[in-house]
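Enquirer: A predicted structure for the sequence below; I have some questions about it.
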Amino acid sequence: MGNRRLHIRNGSPHRPQPFCYPELMPETSDITYTIRRSVRAKRLRATVYPDARVVVTAPPAASVRTIVRFVEKYGDWIRQKLAKRKKAADCAYLPGGRRDYLRHRETVRKTVHDTLRRLNSAYGFTYGRVSIKNLYGRWGSCSSKRNLNFNYKLIHLPPHLAEYIIAHELCHLGEMNHSVRFWKLVARTIPDHRDRRRELRKYLM
Ligand SMILES: [Zn+2]
């Protein structure tokens, strides 16, 4: 038990998926898992992936009985991880890539311009260039030259979340920070911005 961390680990969404041999699964457990045989595996290891797949990596010589015992022993740990993963399964991975970007760029540009114009009637800010980019890890940004940048993936979000992002960047023209004053500015057009921010966290780029 002392070194359980050594042979049980979390699956990372960035780790390439292992090749799985769909080996016969014993029916003694409520946990559905796949056994992956690996000559490099020195001992048994359970991995719970973000899509809730459970893979037990085992040395070629490990018997099925040993594997069953292993899964039983660490069953609680696996069930706990699975519960967390199922919660995380509410998350949506948005499509991406250059082709997707080129396909949607002009539509996004029009949506962003229309939304900016509508929202800005409440603020009256002046802004510079508006760019639609294939940004990584951020929805938008506002430069000190008053240029606004938006991630084209806005198009894959529910419209009320895209609207919040556009309002957020627009309000940085008034407040270049995330102070109370900034959020008051946002609330002028998006009174429920707190809820929308929470909802936005479910969407992964
Ligand atoms: Zn901001």
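Expert: The structure has been received and is ready for your questions.

Enquirer: packing partners of whichever helix in the chain runs longest?
Expert: When the chain is parsed with DSSP state H, its longest helix is helix 98-120. Applying 3 or more Cβ pairs under 8 Å, 6 or more residues apart in numbering; DSSP states H and E, one finds that helix 98-120 contacts strand 130-133, strand 148-151, helix 159-171. Any C-beta I mention is one placed from the backbone N, CA and C, and that applies to glycine too.

Enquirer: and after the first one, which helix or strand comes next?
Expert: Looking back up the chat, that one is strand 130-133. strand 140-142 (DSSP states H and E).

Enquirer: still on that earlier bit, quick one, the longest helix of the chain and helix 159-171 angle?
Expert: 70 degrees (axes from the mean of the first three to the mean of the last three Cα atoms, to 10 degrees).

Enquirer: contacts for helix 98-120 next, please.
Expert: 127, 130, 132, 134, 148, 150, 152, 154-155, 162-163, 166-167, 170, 189 (Cβ atoms under 8 Å, 6 or more residues apart in numbering).

Enquirer: got CSV for the helices and strands packed on helix 98-120, with mean pLDDT, mean neighbour count and distance to residue 91 too?
Expert: Listed next are the helices and strands packed on helix 98-120 as CSV, based on pLDDT from 0 to 100; neighbours: other Cβ atoms under 10 Å; distance: least, Cβ to Cβ, whole Å:
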stretch, mean pLDDT, mean neighbour count, distance to residue 91
strand 130-133, 96, 18, 23
strand 148-151, 96, 23, 17
helix 159-171, 97, 21, 14
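
Enquirer: closest to residue 96 out of the ones you listed?
Expert: Residue 96 lies closest to strand 148-151 among those, at 9.8 Å (Cβ to Cβ).

Enquirer: other residues contacting the closest one?
Expert: 108, 112, 116, 127-135, 138-143, 165-166, 169-170, 205.

Enquirer: any idea how far that strand is from the middle of the chain?
Expert: Remark: strand 148-151 is offset 19 Å from the chain centroid, using Cα atoms, centre = their mean, to the nearest Å.

Enquirer: that older thread, which parts of the longest helix of the chain are buried?
Expert: 100, 101, 104, 108, 111, 112, 115, 116, 119, 120 (16 or more other Cβ atoms under 10 Å).
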